[in-house]
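Asks: structural data only, the sequence is not supplied:
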């Protein structure tokens, strides 16, 4: 089976503590470490870290675990159990499902398609994608767009951020009496802010390291903007806090939240931490009056609601499976053409040797060429059939030539 290769980890198997440490390894850092001859793309999001490569690329399978271990500080024996590998058709289907958001924590969320496109363009700009990987990733993006436009899956505009706001609504009921604080001004916080506004939340505030960015987001939701230095004061005035920053260290510690609770006279509050690494230290949960939902906690909320969307997901998976079959057919067809070309080259070499022995007369040239074309006609036609497997052709060629038939890496 010809096809690509994927190695990585995600929220399905890797705990948040592990994902946090891997998230510290930037996609640029890993891509720069992979040898230039290896065609590769690195997809790094808050809930997944994956390396996609061209077919028959064994280097990544053996070395990526060690590279991630070296750069994240996680012992390779601790890292390996969380890693998955997909080969051939399984790798193709996995990439298509990721682009379709069927592997996302919130199935149907739209962000992953843009993240995959960005990762692809970054890899292509760096000259790291060969023709096979480019076709594979372009097909994955098309699958994602089809699922979004041809099924109901993408019409709800769901995201982890929107789920976080819904958790707040479940806990506090009507949000119109709640004050909501967004810590960060990126895509995740913007999605949360817009969802909070749609849910008729009370006062909405935005705190960000760069005040101008906080002001832009605040204007979109008729809210107020503050610099990061005002974080603790704003926390004391907020019932619901949704945070998603790229800070390398937690912004909300147990000591800070103890002071915040005291200032609030211990009025309950909710912290929804969408950041990886987390913005809220784990020990904050020990404080009375604080509800903390991190990515893993939100995952359980999401899972409970997915059963209601099973029928919609079936339609999306059908698109993924149909596109996977089409891509595999194309990939196998190109491999077959390459293999038959290899066989023809071998027969041509034998024909030349025979001609040399016969003196290379015009009659011998015509006879041997006619013999070669006749000999290869039926095998060439048979190779075009879907019923003939690539592995069968490979075995026959190896038997006829006495050498291993090379598979084409760049299709």
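Replies: Yes, it's here. It should be emphasised that the depicted structure is a prediction, and the values quoted were computed from it without experimental measurement. Numbering: from 1, shown residues only.

Asks: how about residue 214, what does it touch?
Replies: Residue 214 is in contact with 185, 206, 207, 208, 225, 226, 227, counting by C-beta atoms under 8 Å, 6 or more residues apart in numbering. Using the backbone N, CA and C atoms, a C-beta is placed for each residue, glycine as well.

Asks: scan the residues you listed and report the most crowded one.
Replies: Using other C-beta atoms under 10 Å as the neighbour test, these are led by residue 207, with 30 neighbours.

Asks: what sits against it?
Replies: Per C-beta under 8 Å, 6+ apart, neighbours of residue 207: 181, 182, 183, 184, 214, 225, 226, 227, 228, 230, 231, 234.

Asks: cool, residue 247 as well?
Replies: The neighbours of residue 247, taking C-beta under 8 Å, 6+ apart as the test, are 275, 277, 279.

Asks: among the residues you listed, name the buried ones.
Replies: The neighbour-count test (16 or more other C-beta atoms under 10 Å) marks 275, 277, 279 as buried among the contacts of residue 247.

Asks: okay, strands next: where are they in this structure?
Replies: Remark: strands assigned in the chain by DSSP state E are 5-10, 40-44, 48-53, 84-87, 180-183, 204-208, 224-227, 240-243, 269-273, 290-293.

Asks: quick one, which of those strands is nearest to residue 78?
Replies: Taking C-beta to C-beta, strand 5-10 is the member of those nearest to residue 78, at 11.6 Å.

Asks: list the residues that contact residue 25.
Replies: Counting by C-beta under 8 Å, 6+ apart, residue 25 makes contact with 44, 49, 68, 71, 72.

Asks: related to what we said a few turns ago, between the contacts of residue 207, which is nearest residue 256?
Replies: Nearest to residue 256 out of the contacts of residue 207 is residue 231 (C-beta to C-beta; 8.3 Å).

Asks: where in the stretch 101-250 of the chain is pLDDT low?
Replies: 154-158 (pLDDT under 70).

Asks: per the record, what domains does this protein have?
Replies: Annotated domains of the chain cover 5-156, 160-300, 356-411 [automatic domain parsing].

Asks: need those domains in JSON lines with distance to residue 315, can you?
Replies: Shown next, in JSON lines, are these (distance: least, C-beta to C-beta, whole Å):
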{"stretch": "domain 5-156", "distance to residue 315": "5"}
{"stretch": "domain 160-300", "distance to residue 315": "21"}
{"stretch": "domain 356-411", "distance to residue 315": "25"}
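
Asks: going along the chain, name the helices of the stretch 251-400 of the chain.
Replies: Under the criterion DSSP state H, counting those that start in this stretch, helices of the stretch 251-400 of the chain are mapped to 254-263, 295-306, 310-358, 362-383, 390-401.

Asks: ok, the stretch 1-150 of the chain next?
Replies: Ranges of helices within the stretch 1-150 of the chain are 16-23, 27-33, 58-72, 76-79, 88-99, 111-125, 131-150, based on DSSP H, counting those that start in this stretch.

Asks: about what we covered before: wait, which of the contacts of residue 207 is closest to residue 263?
Replies: Using C-beta to C-beta, residue 234 is the member of the contacts of residue 207 that lies nearest residue 263, at 11.1 Å.

Asks: for that closest one, give its distance to residue 127.
Replies: Using C-beta to C-beta, to the nearest Å, we find residue 234 at a distance of 45 Å from residue 127.

Asks: tell me which of the two has more neighbours.
Replies: Per other C-beta under 10 Å, whichever of residue 234 and residue 127 has more neighbours is residue 234, with 21 against 9.

Asks: quick one: residues contacting that one.
Replies: If you count contacts by C-beta under 8 Å, 6+ apart, then residue 234 has 181, 205, 207, 226 around it.

Asks: hang on, the earlier thing: how about JSON lines for the contacts of residue 214, with distance to residue 137 added?
Replies: Below are the contacts of residue 214 laid out as JSON lines (distance: C-beta to C-beta, whole Å):
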{"residue": "185", "distance to residue 137": "29"}
{"residue": "206", "distance to residue 137": "35"}
{"residue": "207", "distance to residue 137": "37"}
{"residue": "208", "distance to residue 137": "32"}
{"residue": "225", "distance to residue 137": "38"}
{"residue": "226", "distance to residue 137": "40"}
{"residue": "227", "distance to residue 137": "39"}
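
Asks: ok, so of the residues you listed, who is nearest residue 378?
Replies: Using C-beta to C-beta, residue 185 is the member of the contacts of residue 214 that lies nearest residue 378, at 65.9 Å.

Asks: contacting residues for the closest one?
Replies: Counting by C-beta under 8 Å, 6+ apart, residue 185 touches 206, 208, 210, 213, 214, 216, 217.

Asks: if we go to 7 Å?
Replies: By C-beta atoms under 7 Å, 6 or more residues apart in numbering, residue 185 lies in contact with 206, 208, 213, 214, 216, 217.

Asks: ok, it to residue 205 distance?
Replies: Applying C-beta to C-beta, the value for residue 185 to residue 205 is 12 Å.

Asks: check residue 302 too.
Replies: Residue 302 is 26 Å from residue 205, by C-beta to C-beta.

Asks: which one of these two has more residues nearby?
Replies: Regarding residue 302 and residue 205, a neighbour count based on other C-beta under 10 Å identifies residue 205 as having more, with 23 against 18.

Asks: so the more buried one is in contact with residue 226, correct?
Replies: Yes: counting by C-beta atoms under 7 Å, residue 226 is a contact partner of residue 205 at 6.4 Å.

Asks: can you get me a residue count around the residue lying closest to residue 243 once chain neighbours are set aside?
Replies: Counting by C-beta to C-beta, 6 or more residues apart in numbering, residue 243 lies nearest to residue 183, which is 3.7 Å off, once chain neighbours are set aside. By the measure other C-beta under 10 Å, the count of residues near residue 183 is 31.
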